[in-house]
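Trainee: please find the sequence and the predicted model below.
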Amino acid sequence: MSKHGRVLVAMSGGIDSTVSAVMLHEQGYEVVGITMKTWDYASSGGGKKETGCCNLDSFNDARMAAVEHGFPHYILDIREEFGNFVVQNFIDEYVAGRTPNPCVLCNTHIKWAALLKRANALDCEFIATGHYVKVREENSRFVLSKAKDPTKDQSYVLWGLGQDCLSRSIYPLGDLYKTEVRQLAWDMGYKELAKKAESYEICFVPDNDYRGFLKRNVDGLEDRVNGGNFMLKDGTVVGKHKGYPFYTIGQRKGLDIAMGRPVFVTAIHPETNTIVLGDAEDLQHCDMTVQGLNMVKYASLPGGMEAVAKIRYRDAGMDCSLHTEPDGTVHVRFHHAVTGIAPGQSAVFYEGDDVVAGGIIRAGFDAATPATEQLFHNAVK
């Protein structure tokens, strides 16, 4: 009989999940390891060999750690669910002119759902991963908060986890720095893991060429979208582009257009296959709307709440005011203009280190426009 209960640990074969599993085992939990296969790199059509979490070496590393410490290990094939949902959404979002965040979607709808389902089947009370976050119970809610190591904090990509997931989740690395985790791996005898470099690639785009991935996986896409107009915000056409899905908000390099000054992608209009170019200041906005909100710290959003919003993973965060609109979306007014608000990306709202809520960016606005001013004032009422 275990001292703390039975826990299903997601093991990728990497340093963080391996250390997490061994830590829980040494703390007296009855550990069950599970490795999820989400994708075959060969099916993406890229030229790079399998690396990261979905290859045979990683599976073997996870299995060997389980064998060495005497706990069971399983491999769970979720390629069909992953491809049907995460990969298709990735494609659909780019085709819709938005910039997706597949890791958020995978964590929220695929990996944790698969973990909970298998945890129930294996009579595991808890699930655990090697993510750098913390969870605590407060006021009858389970609150996700930032990790001790600010350089590794992953709360931004876990904003979509519901209370059912958070109530059963354990994150052993939340109070550790990455350097401490590497030392633990070394002390546990995993010297190669301790020295292993980390990968930040999207698992199904191993060569980091999302444009090539789209071309290989959407029949006729290149022919359909090639040759649209680059234009300025006043409507002046200044050139032709290679297809709106192959560009992202804020992009400067790779535009292949000579304007005599640096220009950036400031807007994407898929319905007309048009890309708007502008100066750096055209990327700055004071307002945005966010949809698909998942409440974490509170059951509902307090009216007129002040928070810090992050609009990308490495974002330091900006002070803002939040107001819920009648249709359930949230109007965000930043205290200072922010750069590069990209529809399709995640917006995560913090109160101190705690995640208040998160959602998907629908649009960014210039607060100086009358329409936006009216929208904000309506939200305040």
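Mentor: It's in. Residues are numbered from 1 along each chain as shown.
Trainee: for the spatially most central residue of the chain, what are its contacts?
Mentor: When the chain is reduced to its mean C-alpha position, the nearest residue by C-alpha atoms, centre = their mean turns out to be Val104, at 3.3 Å. If a contact means C-beta atoms under 8 Å, 6 or more residues apart in numbering, then Val104 has 157-160, 346 as its contacts. C-betas here are computed from N, CA, C, even on glycine.
Trainee: now Met288
Mentor: Neighbours of Met288 in contact, by C-beta under 8 Å, 6+ apart: 311, 331-332, 334, 341, 347, 361-365.
Trainee: can you confirm it is in a strand?
Mentor: Yes: under the criterion used here (DSSP: H, G, I helix; E, B strand; the rest coil), Met288 sits inside a strand.
Trainee: can I get the buried part of the contacts of Met288 as one ChimeraX selection?
Mentor: Applying 16 or more other C-beta atoms under 10 Å to the contacts of Met288, the buried members can be selected in ChimeraX as follows:
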select :311,331,332,334,341,347,361,362,364,365
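Trainee: tell me the SS of Pro262?
Mentor: Remark: Pro262 carries the secondary structure label coil [criterion: three-state DSSP].
Trainee: surely it touches Gly278?
Mentor: No: with contacts defined as C-beta atoms under 8 Å, Pro262 does not count as touching Gly278, sitting 10.4 Å away.
Trainee: those two: who's more crowded?
Mentor: Neighbours were tallied for Pro262 and for Gly278 using other C-beta atoms under 10 Å; the higher tally belongs to Gly278 (15 against 10).
Trainee: list the contacts for that one?
Mentor: Gly278 makes contact with 232-233, 263-264, 266, according to C-beta under 8 Å, 6+ apart.
Trainee: apply 6 Å and report the result again.
Mentor: The contact partners of Gly278, by C-beta atoms under 6 Å, 6 or more residues apart in numbering, come to 233, 266.
Trainee: again with the one 3 residues further on
Mentor: Under the criterion of C-beta under 6 Å, 6+ apart, the contact list for Glu281 is empty.
Trainee: could you number the chain from 36 rather than 1 from now on?
Mentor: Yes, from this point I'll number from 36; that puts the last item at Glu316.
Trainee: related to what we said a few turns ago, what about the residue nearest to the centre of the chain, distance to Arg347?
Mentor: From Val139 over to Arg347 the distance is 11 Å, taken as C-beta to C-beta, to the nearest Å.
Trainee: cool, Tyr279 as well?
Mentor: Here the criterion is C-beta to C-beta. By it, Tyr279 lies 21 Å from Arg347.
Trainee: of the two, which one has the most company?
Mentor: For Tyr279 against Arg347, the residue with the higher neighbour count under other C-beta under 10 Å is Tyr279, and the figures read 22 against 18.
Trainee: go ahead and confirm the more buried one touches Asn308.
Mentor: Yes: in this structure, Tyr279 is within contact of Asn308 by C-beta atoms under 6 Å, at 5.4 Å.
Trainee: list the residues that contact both of these two?
Mentor: Here Tyr279 and Asn308 have 260, 263 as joint contacts, going by C-beta under 6 Å, 6+ apart.
Trainee: helix, strand or coil for the residue nearest to the centre of the chain?
Mentor: For Val139, the assignment made with three-state DSSP gives helix.
Trainee: and what of the one 3 residues further on?
Mentor: When classified by three-state DSSP, Asn142 comes out as helix.
Trainee: what about it, neighbour count?
Mentor: Under the neighbour criterion other C-beta under 10 Å, Asn142 is assigned a count of 22.
Trainee: do the same with Gly363
Mentor: With neighbours defined by other C-beta under 10 Å, the count for Gly363 comes to 10.
Trainee: just the pLDDT at it, thanks.
Mentor: You'll see Gly363 listed with a pLDDT of 86.
Trainee: phi, psi for it please.
Mentor: Main-chain dihedrals, Gly363, degrees, to the nearest 10: phi 90, psi -10.
Trainee: how about the contacts made by it?
Mentor: Taking C-beta under 6 Å, 6+ apart as the contact definition, Gly363 lies against nothing.
Trainee: what are the ranges of the strands in the stretch 186-335 of the chain?
Mentor: 204-205, 264-267, 272-275, 299-304, 309-313, 319-330 (DSSP state E, counting those that start in this stretch).
Trainee: just put the ones you listed in a markdown table and tack on distance to Asp92 and mean pLDDT.
Mentor: Rendered in a markdown table, the data for these read as follows (distance: least, C-beta to C-beta, whole Å; pLDDT from 0 to 100):
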| stretch | distance to Asp92 | mean pLDDT |
| --- | --- | --- |
| strand 204-205 | 26 | 97 |
| strand 264-267 | 44 | 96 |
| strand 272-275 | 45 | 95 |
| strand 299-304 | 38 | 95 |
| strand 309-313 | 41 | 96 |
| strand 319-330 | 35 | 94 |
